[in-house]
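Student: what shape does this take:
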Amino acid sequence: MWVQGMISDGIMRGVDMSVSLPGRKTKIVCTIGPASRNKPILSKMIISGMNVARLNFSHADLAEHEENIHRIKGLSASLGIPVSILADLPGPKIRIGRLEGGSCVLEKGKTVVLTIHDEIGSSSLIPVAFGGFIENLHKGSRVFLNDGFIQLKVLHKTAEQAVCRVIMGGKLLSNKGMNLPDARLNINPVTDKDLEFVRFGLEVGVDMFSVSFVKSPDDIMKVKRFASSLGKEAFVVAKIERKEALEQIDAILDAADALMIARGDLGVEIPIEKVPVVQKQLTLKANYRARPVITATQMLESMTANTRPTRAEVTDVANAILDGTDAVMLSEETAIGSYPVESLRMLVKIAQMTEKNRGGVAAGMSIPSAIRHELERSGASIGDALSLNVVNTLHMLNIRFILVPTQTGATARRISRFKGGAWIIALCSNEAALRSLNLSYGILPVMADPDGSDEQFIGYLKEQGLARPEDTLLMVSALPFGGVGKENSLKIIKLD
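Tutor: Reported below is the predicted structural model:
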């Protein structure tokens, strides 16, 4: 169980419960939906290891989202287990409209008309709820529906409709997404509606926002500037799902606080066979910059309807962890699936086993070596140098914990990116830092008094049964406590 701690002298702040270590360092993001929004299921998910609850703002209304947020926060407080809330902004997603009976079947070789008119659709006529999509089509253009499982090719078009041939058929549900891989859409990824969702989220206590269909760092900064205009700060996750994002990934990483590899839309924007290599490249780039990275989409999709995943899914999750992801995410598995709790518990088991064997199965250059090589090539900051010294010390000494007083979480994230064996206990001076660190690998964030001494922090760990006689700890300090960019102290402490 992962909880905040408090002791009588007030050195640690939070709920009145003891602190214990989770059984794995990989963080887990779960999408909340009809299958998981009731209290009994949410309680089981929080206890089983959900670190971040994702709310998809493409679905439901604000009243329902607010109800879910209050329910999650209430259960988190009563159970004493911090759970961060991620609002996934819809962006300008192209979606089809309503279909008669909620679905239709498109048969290979048949023709189907895409129309801009708001009509009830069928297997021969599909309304598209996105103005201007027709102008981005031409003869021969490919149209992908439902993450590419259904594929069409444009035969001809008018100003109001496009006649297409069904190349790959299948069952299509209302409101499913559409991708146009041959078009470069001149649309703003951050819509006015997205900004209203950000305003709402900041008011009700959302901890993180993910921006969909990011093309450039400007999309991230638009959300950050909007939050700043409201007197708030926003922790922004860049969702990578477009070709344009790959072309500006370094600048996007510099602007964003975290990265999500959204393999669904990405797998139709680029050839699907490129996704595994791109995923590895993105994970390593995020690690270089100490940005938490979430690997998402179809992690255990078969568990939407089955009690056990496929072997390929288990291997996919394990490889993402071995590659250096901070978090893995469940989507339909927990939102609409029949086994939300079982899916989460399966992720926990896969993560635990993979982490136990991390050092013995990784091929090629290890994560610490790869990051060190990149920092030597591109130039390291003082904070980078300090985190490298932490890693060197871990190799030479049997370190039980790394203690990191932090105001922003930056120092703890710099150390976390190396995916080391020792737990990082982040002593947070504010709740925003604590909530953001719920996304980072191997970090146990607790609220701490900024006036507390090293001895008081260590005394707290002893009281909680975490630190034992003869343990060796590392204290990585910024002076003063929480000083941004002033990490300058590394202390080795041998307990009596």
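Student: quick one: classify Gly421 as helix, strand or coil.
Tutor: Here Gly421 is coil, with the state taken from DSSP: H, G, I helix; E, B strand; the rest coil.
Student: what about it, how many residues nearby?
Tutor: Using other CB atoms under 10 Å, the number of residues around Gly421 comes to 14. Quick note: C-beta positions are derived from backbone N, CA and C, even for glycine.
Student: element containing the closest residue to it other than its chain neighbours, please.
Tutor: Leaving aside its chain neighbours, Gly421 sits nearest to Leu394 (6.8 Å; criterion: CB to CB, 6 or more residues apart in numbering). Here Leu394, judged by DSSP states H and E, is contained in helix 382-396.
Student: which residue is nearest the middle of this structure?
Tutor: Nearest to the geometric centre of the chain sits Ile294, at 3.7 Å (CA atoms, centre = their mean).
Student: that one: what secondary structure?
Tutor: Applying three-state DSSP: Ile294 is strand.
Student: and it, what are its bridge partners?
Tutor: When bridges are called by DSSP bridges, Ile294 pairs up with Met260, Ala327.
Student: what distance do you get for it to Phe149?
Tutor: According to CB to CB, to the nearest Å, Ile294 and Phe149 sit 23 Å apart.
Student: same deal with Ala129?
Tutor: Applying CB to CB, the value for Ala129 to Phe149 is 19 Å.
Student: now swap in Leu172 and tell me
Tutor: For Leu172 relative to Phe149 (CB to CB), the value is 9 Å.
Student: burial measure for the nearest residue to Thr325 once chain neighbours are set aside, as a count.
Tutor: Sequence neighbours aside, Thr295 is the residue nearest to Thr325 in space, at 4.4 Å (criterion: CB to CB, 6+ apart). Close neighbours of Thr295, defined as other CB under 10 Å, add up to 27.
Student: by mean pLDDT, which helix or strand of the protein comes out lowest?
Tutor: Within the chain, no helix or strand scores below strand 12-13, which has a mean of 47 by mean pLDDT, DSSP states H and E.
Student: ok, residues contacting the following helix or strand past that strand?
Tutor: Next along the chain after strand 12-13, taking DSSP H and E as the criterion, comes strand 27-31. Contacts to strand 27-31, defined as CB atoms under 8 Å, 6 or more residues apart in numbering, come from residues 36, 45, 49-56, 86, 292, 294, 296, 326-335, 340, 344, 347-348, 351, 438-441.
Student: cool, stretch 104-112 as well?
Tutor: The contact list for stretch 104-112, computed with CB under 8 Å, 6+ apart, reads 121-126, 145, 150, 152, 155, 163-172.
Student: cutoff 6 Å now
Tutor: 122-124, 126, 150, 163-166, 169, 171-172 (CB atoms under 6 Å, 6 or more residues apart in numbering).
Student: now do stretch 344-359
Tutor: 23-26, 28, 30, 45, 48-49, 314, 317-318, 321, 328.
Student: how about 7 Å then?
Tutor: Around stretch 344-359, the neighbours that count as contacts under CB atoms under 7 Å, 6 or more residues apart in numbering are 23-26, 28, 30, 45, 48-50, 300, 303, 309, 314, 317-318, 321-322, 328, 330, 334.
Student: pull out the buried members of those residues.
Tutor: Among the contacts of stretch 344-359, those classed as buried by 16 or more other CB atoms under 10 Å are 24-26, 28, 30, 45, 48-50, 300, 303, 309, 314, 317-318, 321-322, 328, 330, 334.
Student: narrow those residues to those in helices?
Tutor: 45, 48, 314, 317-318, 321-322, 334 (DSSP state H).
Student: what's the closest of these to Ile134?
Tutor: Taking CB to CB as the measure, Ile134 sits nearest to Thr334 out of these, at 36.2 Å.
Student: what are the ranges of the helices in the stretch 351-496 of the chain?
Tutor: Remark: helices assigned in the stretch 351-496 of the chain by DSSP state H, counting those that start in this stretch are 358-361, 367-378, 382-396, 410-416, 431-437, 454-463.
Student: and those helices, which is most packed in?
Tutor: Counting by mean count of other CB atoms under 10 Å, helix 410-416 has the highest mean neighbour count of the helices of the stretch 351-496 of the chain, with a mean of 26.
Student: which helices and strands does that helix pack with?
Tutor: helix 382-396, strand 399-406, strand 423-428, strand 472-478 (3 or more CB pairs under 7 Å, 6 or more residues apart in numbering; DSSP states H and E).
Student: for the stretch 101-250 of the chain, which segments count as strands?
Tutor: 103-106, 111-115, 125-127, 142-145, 150-157, 161-168, 170-173, 178-179, 208-211, 236-240 (DSSP state E, counting those that start in this stretch).
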